[in-house]
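Asks: what shape does this take:
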Amino acid sequence: MPEQQPLMARKSPYSVQVEGGKRYFWCACGRSASQPFCDGSHRGTGFSPVPYMAEKTEWVWFCGCKQTGSPPLCDGTHKTLD
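Replies: Just a heads-up that it's a prediction; the model follows:
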C-alpha cells in the first residue's frame, strides 16, 4: 500500500451508468483528469487503479473522496470528512 494518501478528487461520489459485462478501472490516486476512472496519472506514485467488472447495466456510485472502505464504490465515508 502506498505511504502517501490519495488526493480527494471530490467529496461526493460519481454516479455512472455502467454497461453489463464491461470492465472499468477506478482511479485510486485521485490524480486522473478522467474521474472517476484511471487515465494513467498514477504512474510513479505507488497507487494502482482498481478494476471493476459491471455485472449488469445499472447506475453505480464510484467513490470520489478516495477514502472508501470498499473500493471502488462509495460507502458513505465522504460524509465523515471535513
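Asks: do a quick rundown of the strands in the protein.
Replies: 14-18, 23-26, 50-53, 58-62 (DSSP state E).
Asks: for the third one, which strands pair with it and how are they oriented?
Replies: Same thing as strand 50-53. Its sheet considered, strand 50-53 pairs with strand 23-26 (antiparallel) by DSSP bridges.
Asks: quick one: average pLDDT of the partner strand?
Replies: Averaged across strand 23-26, pLDDT comes to 98.
Asks: do stretch 62-82 as well
Replies: 96.
Asks: return the set of buried residues in that stretch.
Replies: Phe62, Cys63, Gly64, Cys65, Lys66, Gln67, Thr68, Pro71, Pro72, Cys74, His78 (16 or more other Cβ atoms under 10 Å). C-beta here means a position set from N, CA and C on the backbone, and glycine is covered the same way.
Asks: how much space between Ser12 and Cys63?
Replies: 10 Å (Cβ to Cβ, to the nearest Å).
Asks: what's near enough to touch Thr57?
Replies: Taking Cβ atoms under 8 Å, 6 or more residues apart in numbering, we find Thr57 in contact with Gln17, Val18, Glu19, Gly20.
Asks: need the contact list for the third one.
Replies: Meaning Glu19. Contacts of Glu19 (Cβ under 8 Å, 6+ apart): Ala54, Thr57.
Asks: over to Gln5?
Replies: Taking Cβ under 8 Å, 6+ apart, one finds nothing in contact with Gln5.
Asks: do you know which of the strands of the chain lies nearest Asp39?
Replies: Between Asp39 and the strands of the chain, the tightest spacing by Cβ to Cβ is seen for strand 23-26, at 9.4 Å.
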